[in-house]
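Colleague: Return atomic coordinates for the entry below.
(2 chains)
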Amino acid sequence: MKIWRKKQGFFPLFFLFFCFLSVLWAPQPCLAQEQAEQHVYDDAGYFKKKEENQLEDLCLAYGEEIDANIVMLIEDGVENKAWKQFLEDFYDAHETLGDCALLLLDINEEERRIEIQGYGEMEYIITDTRIDTIIDAMIDNLSSGEYYSALIQFPTLVKRYHDMGAGSDARTHTGHDNEIYNPYYYEKEKENKIVHSCMLALPAALLIGGIGTGIFVYNSGGKMTSTYHNYMDESRQSLIGRYDRYTHTTRSERRKPQETHSGGGGHGGGVSSGGSSHSGGGRSF
Amino acid sequence: MVIQYQCPDCGADLEFHAETGMMKCGSCGYEVKAEELVAASGEDPDAYLHDYEHFQEETRYHTFGEENAEQYVCKNCGAVIIAGEDTSATHCEFCGSPVVLGDRLSGELAPTNVIPFKISKQQAEEAFRKWKKNGFLLKKDFKNADRVKSLTGIYVPFWLFDVKAQGEVNAHCTSKHTYERGDYIITETSHFDVFRRVDIDYLKIPADASEKMEDSMMDKLEPFSYGEMKKFQTPYLSGYLAEKYNYTDQDLFPRVEQRVRGYARSYIRSTIHGYSTVNITREHLKARQKKAEYTLLPVWMFCYDYKQCDHNFYMNGQTGKIVGKPPLSKGKVALLFFSLAAVSELLLSLLIFLLS
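Modeller: So this is what the prediction gives:
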């Protein structure tokens, strides 16, 4: 019984450790993005019903696959040519969109503009640079007026980037405009940081465990406790000569480590008036 | 020469009593100080002591049978006392009477000092039991079993060395100062030429002179408190075993010298402080023996039977410190390792996480 009681002393430690590990390694709760009722808003009335339905199906299918909303707006002219603002306001007005890849096609002959924005998780998937590439891929069809062909490319391109994971310039624009708290990004970062901290601490922890146990084992049979103080005749001066002579000084300089942001650009990203951070980009055709 | 002390009141044997520090009669309870006992005998305390040459001669011609055992006769019962060649105090095997073999404590073999036992047999047993119980890495059955085969109070021969250590040390030391200026972090390192000269006296560094005792174990039994040290008198040995030395002070000095060098080095190092780095560039140390006193120090020796194997443990008979090599439980060692690693991992990763 006594031994059992002794052993119990270790259990809280183990319990604590396993709790910690389980927090670290437990699969992150994955909340499915609810699909919007409508994915294609043809306010310009450009597409036939059949085409619109096909686009709708496409957005829904790919959207479900990547667990995000893919939404297309087809407009005939946007007030003050404020396409970016238009999309931001649209996103703010549709609160349930969540992780969303938004596309605006302004087919007004005088304007002819495409604008794409990524919100939530999509902000890190279709980054500013990737949006440029997406537009690159679509621009030929757009220029030649093949809007349907251009638009059906969009969900597939978004899906392709989704499969590739977050873009390398994903951080850029968050630090660009305002430092905005983004739950998705923050959680990912936190998770990475925890794993990184654990990995970094592991060798040191094993070393401490080893050394600590070694000391315990070594001292289990009693240890040498007498030191030079025990036998030194402290009644007389033992230190009979000393000097500490300064000789010279050496000097070294190094530049302060700077906070660096990878990549550049990010001209189209920003924050909507509703406070949603997003990536973005647009081009006239 | 066999010395036995008898109670003046009842004639029973007098033994040294650790708890009271007096000679005590186990039969009637009579108590007397060891010094008074010697004085009361009316004899010169050194009268029975022969010189060393004589002892050696005696030893040579009175060799008893095998293994160089000597023949002495118990004054109490007349039985032959069998004593190993190094034994200077023992018990009569027949009547149990404590005997001191005076000629083995004579001449060059005469101890200068003795620290009498302060911990009685009963206290030693109790302390050992407690020590076992508290050793949390020990094997379970070892902790629970009570198989002390024998518990012997033994005066172990030590040489107490007075050593003078002299030396000089040069060191290159640096002191760092870091500050920020503009976009730069500037580190200024000041260099110093440091010198120390020492002349240290070390007093009464013990070194065990018995070949039966393991040096590392005897070293671990330290420190002894010299305030309770007495001038040697044979009554202190009554009731205990005692050994004579196998090694002379000259034999042991190299070991002590090494220790003194380490002590001197630690002391010098302690006088160099306030620097970021200390690099010893020159060291010249020498140790010289000033004096060595033959002293008997009290040790309780436990012979513990565990899995048909004897484990020896030693206890400082004055302070109660216990040393030995107990059998450890591999499971508990592993448990300790993982627990320490787990707690360190938890704290370190938390620290790194918070700092980053």
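Colleague: domain ranges for chain B?
Modeller: B:2-110, B:121-325 (automatic domain parsing).
Colleague: out of these, nearest to chain A?
Modeller: Closest of these to chain A is domain B:121-325, at 3.2 Å (criterion: C-beta to the nearest C-beta). The C-beta positions use only the backbone N, C-alpha and C, and glycine is treated the same way.
Colleague: Tell me where the model's unsure across the chain.
Modeller: Since you didn't name a chain, this refers to chain A. A:1-33, A:168-189, A:258-267 (pLDDT under 70).
Colleague: wait, I meant chain B there
Modeller: For chain B, the stretches with pLDDT under 70 are B:40-70, B:356.
Colleague: buried sites along the strand ranked longest in it?
Modeller: Using DSSP state E, we find that the single longest strand of chain B is strand B:148-181. For strand B:148-181, burial by neighbour count (16 or more other C-beta atoms under 10 Å in any protein chain shown) applies to B:148, B:151, B:153-169, B:171-175.
Colleague: could you give the angle of the helix or strand following it to strand B:148-181?
Modeller: Sequence-wise, the next helix or strand downstream of strand B:148-181 (DSSP states H and E) is strand B:184-208. Here strand B:184-208 runs at an angle of 160 degrees relative to strand B:148-181 (axes from the mean of the first three to the mean of the last three C-alpha atoms, to 10 degrees).
Colleague: what separates the helix or strand following strand B:184-208 from the chain centre, distance-wise?
Modeller: Per DSSP H and E, the first helix or strand lying C-terminal to strand B:184-208 is helix B:215-221. Remark: helix B:215-221 is offset 6 Å from the chain centroid, using C-alpha atoms, centre = their mean, to the nearest Å.
Colleague: Check which strands are paired with the following helix or strand past helix B:215-221 and give the direction for each one.
Modeller: With elements assigned by DSSP H and E, the helix or strand that comes after helix B:215-221 is strand B:230-231. Strand pairing for strand B:230-231, using DSSP bridges, gives strand B:113-114 (antiparallel).
Colleague: Give me the buried positions along the helix or strand just after the strand it pairs with.
Modeller: Per DSSP H and E, the first helix or strand lying C-terminal to strand B:113-114 is helix B:121-134. Neighbour counts over helix B:121-134 (16+ other C-beta under 10 Å) mark B:123-125, B:127-128, B:131-132 as buried.
Colleague: Distance to A:Ala61 added to these, as TSV?
Modeller: As requested, the buried residues of helix B:121-134 are exported to TSV (distance: C-beta to C-beta, whole Å):
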residue	distance to A:Ala61
B:Gln123	86
B:Ala124	85
B:Glu125	84
B:Ala127	81
B:Phe128	80
B:Trp131	75
B:Lys132	73
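Colleague: among those residues, which are in reach of chain A?
Modeller: Checking the buried residues of helix B:121-134 against chain A by C-beta under 8 Å from any C-beta of the partner chain, not one of them is in range.
Colleague: Tell me the one of the residues you listed nearest B:Thr271?
Modeller: Comparing the buried residues of helix B:121-134 against B:Thr271 with C-beta to C-beta places B:Trp131 closest, at 37.3 Å.
Colleague: thought the closest one was touching B:Val323?
Modeller: No. Using C-beta atoms under 8 Å, B:Trp131 makes no contact with B:Val323, being 9.9 Å away.
Colleague: What residues does the stretch 251-356 of chain B have near chain A?
Modeller: B:262-264, B:266-267, B:271, B:321-326, B:328, B:333, B:335-346, B:348-353, B:356.
Colleague: which residues does residue 277 form a beta bridge with?
Modeller: No chain in the question, so chain A it is. On the basis of DSSP bridges, A:Ser277 takes part in beta bridges with A:Val271.
Colleague: The intended chain is chain B.
Modeller: B:Thr174.
Colleague: What's the local residue count around it?
Modeller: Per other C-beta atoms under 10 Å in any protein chain shown, the neighbour tally for B:Thr277 reads 12.
Colleague: same deal with A:Val78?
Modeller: 19.
Colleague: any idea how far the nearest residue to B:Glu19 once chain neighbours are set aside lies from chain A?
Modeller: Using C-beta to C-beta, 6 or more residues apart in numbering or on different chains and skipping the chain neighbours, the partner closest in space to B:Glu19 is B:Ser120 (5.0 Å). Per C-beta to the nearest C-beta, to the nearest Å, B:Ser120 is found 21 Å from chain A.
Colleague: B:Ala18 is in contact with B:Ser120, correct?
Modeller: Yes. Counting by C-beta under 8 Å, B:Ala18 is a contact partner of B:Ser120 at 4.4 Å.
Colleague: More neighbours: which of those two?
Modeller: Set B:Ser120 next to B:Ala18 and count neighbours by other C-beta under 10 Å: B:Ala18 wins out with 24 against 16.
Colleague: which non-adjacent residue is nearest that one?
Modeller: B:Phe117 (3.9 Å).
Colleague: distance between whichever strand or helix holds A:Ile194 and the chain's centre?
Modeller: Using DSSP H and E, A:Ile194 sits in helix A:183-219. Averaging C-alpha positions (C-alpha atoms, centre = their mean) puts helix A:183-219 23 Å from its chain's average.
Colleague: and if you look at stretch B:116-135?
Modeller: Chain-centre distance of stretch B:116-135: 16 Å, with C-alpha atoms, centre = their mean.
Colleague: Give me the distance from the longest strand of chain B to the chain's centre.
Modeller: Put simply, strand B:148-181 sits 17 Å off its chain's centre (C-alpha atoms, centre = their mean).
Colleague: thinking again about what came up before, right, so of the domains of chain B, which gets closest to A:Ala36?
Modeller: Of those, nearest to A:Ala36 by C-beta to C-beta is domain B:121-325, at 49.7 Å.
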